[in-house]
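Chemist: sequence first, predicted coordinates after that:
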Amino acid sequence: MSPNLLRFAWPAVCGLLTLSLIGSNIYWRKQAHPAAKAKKAASEPAVFDKRGAAYFRELAAIQGYQAPQSLTGSDAARLAAYDRLDLNKRWAQERNGEPSTLASREQAFPESFKIPLAQTMKFHLPHRCHDYRYELTNKTDHSVRAPILFHNDRWDSATDLVVKAGFKEIPDEVERAVAIWRFVCPRRVFGEPPTEGLEEHDVIKFLSLYGYGFCDDSARSLATLAELSGLKSRVWELDGHVVAEVMAGGRWRMLDADQQAYFHRPGAPLDILGVEELSADRSAFDHLVSFRNATDYPPKYIDCFLSKENNKIAVGGNAEHKIEPYLRGGERMTFANYNWGRYFLGKYPNPPPRFYNGTFTYAFHARDLAKGGKGITHEPVDGGFRLVNHTEAIAQIELPFSYPFPVVGGLIEGTATVAKSTARLRLEDRDHERSLSMDLHESIHIDLDHFVAVLTADPTHRFSVVFELGPLAVLELRDFKVSSDFQFAGMVLLPLEEGDNEFHAHFPEKSRPEDFEFTVSWR
């Protein structure tokens, strides 16, 4: 080979050798990767050991909990949360605190009477009662938005709350800001919040659904109500505390709804100081106004203000949630001045300091089935309805539920008779990817207490009952009833006392007093 030819051939040979080495390396890496992955998977410990898996399987069986496959860590956390709810209920019953925690939603009341609904209602309670409940029942055969029953505070929307409270009618801005502070202080209590997240930063959710939380929840509620009342506001995250500030009379004024305090210049109770003024001088805390008549402000919170380098303005709250309950024909909405231990456990294992329970009670009617259900027809039978699948394939039809209160438990019950094929009931909470299913035959008893959302960023508000009919199946449902327990705060509750009582009703558009039956029961 000539020297010139060798000079061009040698680099080509080296290039081919290099490409061959690269290709070989890639090939053997691919061969080795699955083996390494399998070795790593084999070395990783299982979610549960044999004893732990047996424990959670047994706990799942006790609670009627269904997992789509083998139990995971998330399933175990849910099971532990449901178990903790049951334990907290037993503890509350032993403590006998206020409000009372009773064994179940089903309670006997020896005395009750019906009250005609009107914008203003007055009635006389002949003697003191310890436990009571009141119920609204839709007497029509169609869905109607329920009236809002209230004592002094509109609790269904932030806008209506502000109007009813009359904040905008207070001409002096500082006095208006103080009035908002005085409104928020007694309508919340300090306690571990449901989620320690965005759920409690909505003013209606915080004050009407829960009524408890940390300092940041109280601060954001105050700031939101101030904005709705025509005042600028902002929220300060201090080094260990959160407070609201309201622009009133040309200056920022700090109003602490959690510790129920504010500070002012000497001899001028409405010359309220702001965060930056307080953080500049410890002596600025000398002149205190306390809603609960405290004589001093906790020193640890004073230190939070003085750590100026860590103080920052944070995102405020919102007023998006509205409580607009719709009742289907025959459906009943019940509020009680007690609870039966059901609440939304979103994060913390300890029980709320104060909460109440109510129930939506619905008796099945085929008119409420969602559109769809191709091939399925329905007709009334004695005590219920017959659903017929006329196709030779599996067909399903859905019964949806949606409520503005957190659904925290409940019960589905009735009887089922199936002919010609099989039928199943599937319960779905699609927002939280939860489902439960059972074959339908004879008695139906599904406990919602261990189905609703726990350890999530928000509670269950919507769920569906899906009837799945096999080819040509005939399903007869009798006495089919869904009881959906919900949680609410003290601001919603009508306070019934011995002697004369007065409260009010707001009737939304197309809602008429004669459409509803209002019953009060007590003991």
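Modeler: The structure has been received and is ready for your questions.
Chemist: what about residue 507, how many neighbours?
Modeler: Counted with other Cβ atoms under 10 Å, the neighbours of residue 507 add up to 17. (Glycine included, C-beta is placed from N, CA and C.)
Chemist: so what's the residue nearest to it when sequence neighbours are not counted up against?
Modeler: Spatial nearest neighbour of residue 507, excluding adjacent residues (Cβ to Cβ, 6 or more residues apart in numbering): residue 147 at 4.9 Å. Residues near residue 147 by Cβ atoms under 8 Å, 6 or more residues apart in numbering: 117, 136, 505-508, 511, 513, 516.
Chemist: now the strands for the stretch 251-400 of the chain?
Modeler: All strands of the stretch 251-400 of the chain, identified by DSSP state E, counting those that start in this stretch, fall at 251-255, 261-265, 268-272, 288-290, 312-314, 326-327, 332-336, 356-363, 376-381, 384-389, 395-419.
Chemist: of those, which is nearest residue 281?
Modeler: Closest of the strands of the stretch 251-400 of the chain to residue 281 is strand 261-265, at 10.7 Å (criterion: Cβ to Cβ).
Chemist: follow-up on the earlier one: among the contacts of residue 147, which ones are buried?
Modeler: Buried by 16 or more other Cβ atoms under 10 Å: 117, 136, 505, 507, 511, 516, out of the contacts of residue 147.
Chemist: low-confidence ranges, the stretch 1-150 of the chain, go.
Modeler: Along the stretch 1-150 of the chain, the parts satisfying pLDDT under 70 run over 1-47, 68-69.
Chemist: swap in 90 and give it another go.
Modeler: 1-75, 96-97 (pLDDT under 90).
Chemist: strands of that one, start to end?
Modeler: 111-114, 120-125, 132-138, 144-145, 148-150.
Chemist: possible to save those strands as JSON lines with distance to residue 83?
Modeler: JSON lines is the format used below for the strands of the stretch 1-150 of the chain (distance: least, Cβ to Cβ, whole Å):
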{"stretch": "strand 111-114", "distance to residue 83": "36"}
{"stretch": "strand 120-125", "distance to residue 83": "39"}
{"stretch": "strand 132-138", "distance to residue 83": "28"}
{"stretch": "strand 144-145", "distance to residue 83": "38"}
{"stretch": "strand 148-150", "distance to residue 83": "35"}
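Chemist: returning to that earlier point: got the strands of the stretch 251-400 of the chain as a markdown table, with distance to residue 167 columns?
Modeler: What follows is the strands of the stretch 251-400 of the chain, written out as a markdown table (distance: least, Cβ to Cβ, whole Å):
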| stretch | distance to residue 167 |
| --- | --- |
| strand 251-255 | 13 |
| strand 261-265 | 17 |
| strand 268-272 | 16 |
| strand 288-290 | 19 |
| strand 312-314 | 23 |
| strand 326-327 | 29 |
| strand 332-336 | 26 |
| strand 356-363 | 26 |
| strand 376-381 | 51 |
| strand 384-389 | 50 |
| strand 395-419 | 24 |
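Chemist: nearest approach to residue 433 belongs to which of those strands?
Modeler: The nearest among these, by Cβ to Cβ, is strand 395-419 at 15.9 Å.
Chemist: pLDDT on the closest one, on average?
Modeler: Averaging pLDDT along strand 395-419 yields 97.
Chemist: strand partners of it, parallel vs antiparallel please.
Modeler: Strand 395-419 has the following sheet partners, assigned by DSSP bridges: strand 442-447 (antiparallel), strand 460-469 (antiparallel), strand 474-488 (antiparallel).
Chemist: closest to residue 72 out of those strands?
Modeler: Closest approach to residue 72 among the strands paired with strand 395-419 (Cβ to Cβ): strand 460-469, 20.0 Å.
Chemist: quick one, what contacts residue 348?
Modeler: Contacts of residue 348 (Cβ under 8 Å, 6+ apart): 192-193, 196.
Chemist: from those residues, list the buried ones, please.
Modeler: Here, 16+ other Cβ under 10 Å leaves 192-193 buried among those.
Chemist: closest one of the contacts of residue 348 to residue 399?
Modeler: Nearest member of these to residue 399, counting by Cβ to Cβ, is residue 193, at 32.7 Å.
Chemist: now do that closest one against residue 157, distance only.
Modeler: Using Cβ to Cβ, to the nearest Å, residue 193 is found at 21 Å from residue 157.
Chemist: ditto for residue 390
Modeler: For residue 390 relative to residue 157 (Cβ to Cβ), the value is 45 Å.
Chemist: and if you look at residue 62?
Modeler: Counting by Cβ to Cβ - residue 62 and residue 157 are separated by 41 Å.
Chemist: also residue 247?
Modeler: Distance, residue 247 to residue 157, using Cβ to Cβ: 24 Å.
Chemist: among the two, which residue is more densely surrounded?
Modeler: The neighbour comparison of residue 247 against residue 157 (other Cβ under 10 Å) goes to residue 157, with 19 against 16.
Chemist: contacts only, for that one.
Modeler: Contacts for residue 157 (Cβ under 8 Å, 6+ apart) come out as 204, 319, 322-323.
Chemist: returning to that earlier point: got the strands paired with strand 395-419 as TSV, with mean pLDDT columns?
Modeler: Supplementary listing: the strands paired with strand 395-419 in TSV, determined by pLDDT from 0 to 100:
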stretch	mean pLDDT
strand 442-447	94
strand 460-469	98
strand 474-488	98
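Chemist: how about these, which one is nearest residue 379?
Modeler: Taking Cβ to Cβ, strand 474-488 is the member of these nearest to residue 379, at 9.9 Å.
Chemist: re the thing from before, can I get the buried ones among the contacts of residue 147 in JSON lines with distance to residue 455?
Modeler: What follows is those, written out as JSON lines (distance: Cβ to Cβ, whole Å):
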{"residue": "117", "distance to residue 455": "40"}
{"residue": "136", "distance to residue 455": "32"}
{"residue": "505", "distance to residue 455": "37"}
{"residue": "507", "distance to residue 455": "39"}
{"residue": "511", "distance to residue 455": "37"}
{"residue": "516", "distance to residue 455": "37"}
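Chemist: so what's residue 404 up against?
Modeler: Contacts of residue 404 (Cβ under 8 Å, 6+ apart): 321-325, 461.
Chemist: now a ChimeraX select for only the buried ones of those.
Modeler: The ChimeraX selection below is limited to those of these classed as buried (16+ other Cβ under 10 Å):
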select :321,323,325,461
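Chemist: now render the contacts of residue 404 as CSV, adding distance to residue 289.
Modeler: Putting these into CSV (distance: Cβ to Cβ, whole Å) gives the following:
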residue, distance to residue 289
321, 31
322, 33
323, 32
324, 37
325, 38
461, 39
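Chemist: just name the closest of the contacts of residue 404 to residue 107, please.
Modeler: Of all the contacts of residue 404, residue 325 has the smallest distance to residue 107: 21.6 Å, by Cβ to Cβ.
Chemist: thought the closest one was touching residue 145?
Modeler: Yes: taking contacts as Cβ atoms under 8 Å, residue 325 lies within contact range of residue 145: 7.2 Å.
Chemist: my guess is residue 149 contacts residue 136, does it?
Modeler: Yes: judged on Cβ under 8 Å, residue 149 makes contact with residue 136 at a distance of 7.3 Å.
Chemist: hey, what's in contact with both of those two?
Modeler: Counting by Cβ under 8 Å, 6+ apart, the common neighbours of residue 149 and residue 136 are residue 518.
Chemist: and the closest residue to residue 398 other than its chain neighbours, how many neighbours?
Modeler: Nearest residue to residue 398 in three dimensions, chain neighbours excluded: residue 370, at 4.4 Å (Cβ to Cβ, 6+ apart). Neighbour count for residue 370, taken as other Cβ under 10 Å: 11.
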